[in-house]
Structure formats: C-alpha cells, structure tokens
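*Asks:* All I have is the shape, not the residue letters:
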Ligand SMILES: [Zn+2]
C-alpha cells in the first residue's frame with residue numbers, strides 16, 4: 001500500500017512502507033539532496049494510487065531549515081492547484097477513454113470476462129449502472145478533488161494562512177490517489193478484455209442483412225452510458241477519438 005505523507009509547507013512524499021517514517025527521519029542526504037523533494041515527486045503523484053494519507057503538522061525539514069519566503073510558497077501553492085486541476089481533467093478523460101474502449105470491444109470479449117472480479121467495476125460502470133454521475137458514489141473522490149482544489153484557490157485568494165491552503169491541497173492530493181486507483185483498475189480491466197479473441201459479434205449486419213442483436217444492445221448501452229455522464233458528456237468526442245486511437249496503436 002502506498003502512503004501519501006504531507007507537510008504544512010506543501011511538500012510531500014509517497015512511501016511504500018506500511019508505516020510512515022516520522023518527519024525527523026527524513027534527513028538531508030548529501031548525495032541525493034532532500035530526497036522527498038525529488039524531481040519525480042510530481043510525476044509520482046500523478047501516477048500513483050495512494051490509499052492512506054499521513055498529514056504532519058509541521059513543515060518538512062527542508063523548509064524548516066531554509067525558511068522559504070511566503071511569496072515563493074504562494075507561487076508553489078498556485079502551481080500545485082493548477083496541477084491538481086489538470087490532473088482532474090486527465091483522470092476524467094482516462095475514465096471516459098476506458099468507457100469508449102469498452103464500448104468498442106466485441107461482445108464476445110466482454111462476455112468472456114463477465115464474471116471476472118478484476119472486470120467487475122468496468123462492467124458496472126460502463127454497462128450495467130444506470131445511476132447518473134452526480135448521484136453515483138463511485139465519483140466521490142473526483143468530486144472531492146475538484147471541490148478541494150476550488151477551496152484551496154479560494155483560501156489562497158483570500159490571503160488565508162498558507163498552512164491552511166496547503167492543508168486543502170494535501171487533502172486534494174489524497175483524493176487524487178483514490179481517483180488514480182480506480183482509473184488504473186478500469187484501464188487494466190479493459191486491457192484484459194481486449195486481449196480476449198474477438199469473435200466479431202459486433203459486425204453490424206448478420207448474414208441475412210439485419211442488424212445483430214449484440215450490435216443493437218451495444219448501441220443502447222453506449223447511449224445510456226453517455227447520458228449518465230451529465231456534465232462529463234461534453235468530453236465524449238475527445239474520449240471516443242482517444243479510444244479509437246488506442247485500438248489503432250495496438251494493431
Ligand atoms: Zn517543505
């Protein structure tokens with residue numbers, strides 16, 4: 001399990017360890033610099049599912065030692081908020097692209113993994129569920145991420161204490177970790193189904209020239225899915241193009 005550890009200065013580290021290291025252990029390393037401020041930290045945040053958030057109530061050792069100016073911290077906070085907003089968008093598109101790829105799969109490929117635990121969430125989200133996005137608890141981490149980013153921006157704009165701004169940013173980062181977890185699970189499930197042999201049940205006409213039942217069922221299900229997406233529907237075109245592109249790359 002990956003842990004997100006955050007400090008009041010806005011710095012963070014993602015740790016593999018079951019128990020988070022106390023801040024005193026995060027010492028300066030002469031060869032690596034402050035390792036928790038590595039160049040890859042942002043990248044790691046954007047790609048790692050974190051399930052636990054440990055929030056320290058003091059600044060990191062680096063900031064405690066250097067006493068970074070408030071104006072620099074404000075600049076960092078603004079960058080962090082922008083980055084969280086763009087990660088929200090990319091995770092939304094990732095979800096929708098997985099949906100598009102799911103819809104492009106052949107019926108036989110989905111059927112083969114109908115009872116597969118790893119694909120349960122994908123079937124539920126992209127085929128079975130009729131709950132609208134706004135009412136589906138599945139999207140809670142996304143909504144939290146978006147709301148916390150807005151909250152952080154409001155705090156920053158109103159001149160609130162920077163530790164308070166970073167507290168919202170850190171909570172948003174924790175929500176992001178949960179979003180990435182489900183986004184990855186869905187993409188992996190679609191990857192798995194895409195590997196199953198395609199029996200061509202989707203071809204729109206059967207031998208007698210009539211539309212196949214599978215084709216009609218798939219169209220209805222796709223339509224229902226996109227209507228469920230409400231405010232995300234406007235990204236359908238981008239997601240479907242990405243989904244088709246994905247298929248081409250694989251061939
Ligand atoms: Zn710091």
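*Replies:* The structure has been received and is ready for your questions. None of the values given here were measured: they were computed from a predicted structure. Residues are numbered from 1 along each chain as shown.

*Asks:* So residue 129 is in contact with residue 228, correct?
*Replies:* Yes - contact status for residue 129 versus residue 228: in contact at 7.0 Å, counting by CB atoms under 8 Å. Placement of C-beta: from N, CA and C, glycine included.

*Asks:* the more surrounded of those two?
*Replies:* Taking other CB atoms under 10 Å, residue 129 and residue 228 do not tie; residue 228 has more neighbours (20 against 15).

*Asks:* For the more buried one, give me its contacts.
*Replies:* For residue 228, the contacting residues are 129-133, 136, by CB atoms under 8 Å, 6 or more residues apart in numbering.

*Asks:* confidence score at it?
*Replies:* pLDDT recorded at residue 228 is 95.

*Asks:* In which helix or strand does residue 197 reside?
*Replies:* Per DSSP states H and E, residue 197 falls between elements, in no helix or strand.

*Asks:* Next, it: phi, psi?
*Replies:* phi -60, psi 140 (degrees, to the nearest 10).

*Asks:* what do you get for residue 60?
*Replies:* Per degrees, to the nearest 10, the backbone of residue 60 is at phi -70, psi 160.

*Asks:* just to revisit the earlier point, among the contacts of residue 228, which one sits closest to residue 52?
*Replies:* Distance to residue 52, by CB to CB, is smallest for residue 136 among those, at 24.0 Å.

*Asks:* other SSEs contacting the worst-scoring helix or strand of the chain on mean pLDDT?
*Replies:* Lowest mean confidence among the helices and strands of the chain (mean pLDDT, DSSP states H and E): helix 61-66, at a mean of 77. The helices and strands touching helix 61-66, judged by 3 or more CB pairs under 8 Å, 6 or more residues apart in numbering; DSSP states H and E, number zero.

*Asks:* Find the residues that touch each one of residue 129 and residue 228.
*Replies:* Common neighbours of residue 129 and residue 228 (CB under 8 Å, 6+ apart) are residue 136.

*Asks:* returning to what we had before: buried subset of the contacts of residue 228 as a PyMOL selection?
*Replies:* Remark: buried members of the contacts of residue 228, expressed as a PyMOL selection using 16 or more other CB atoms under 10 Å:
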select buried, resi 133
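
*Asks:* In the contacts of residue 228, find the pair that's most separated.
*Replies:* By the measure CB to CB, 130 and 133 form the most distant pair in the contacts of residue 228, at 11.3 Å.

*Asks:* quick one: the least confident helix or strand of the chain near the ion?
*Replies:* Yes - Helix 61-66 is in contact with the ion by CB under 5 Å from the ion, via 62-63.

*Asks:* Need the three-state assignment for residue 54.
*Replies:* Here residue 54 is strand, with the state taken from DSSP: H, G, I helix; E, B strand; the rest coil.

*Asks:* For it, grab the count of nearby residues.
*Replies:* Other residues near residue 54 number 19, with proximity taken as other CB under 10 Å.

*Asks:* what bridges to it?
*Replies:* Residue 54 has these beta-bridge partners by DSSP bridges: residue 5.

*Asks:* give the contact list for it.
*Replies:* Contacts of residue 54 by CB under 8 Å, 6+ apart are 3-6, 20.

*Asks:* Can you give me the buried ones in the lengthiest helix in the chain?
*Replies:* Counting by DSSP state H, the longest helix found in the chain is helix 70-104. Burial within helix 70-104, assessed by neighbour count using 16+ other CB under 10 Å, is assigned to 73, 76-77, 80-81, 83-85, 87-88, 91-104.

*Asks:* buried residues in the following helix or strand past that helix?
*Replies:* With elements assigned by DSSP H and E, the helix or strand that comes after helix 70-104 is helix 107-112. Going by neighbour count (16+ other CB under 10 Å), the buried part of helix 107-112 is 107-110, 112.

*Asks:* I'd like the next helix or strand past helix 107-112.
*Replies:* helix 120-123.
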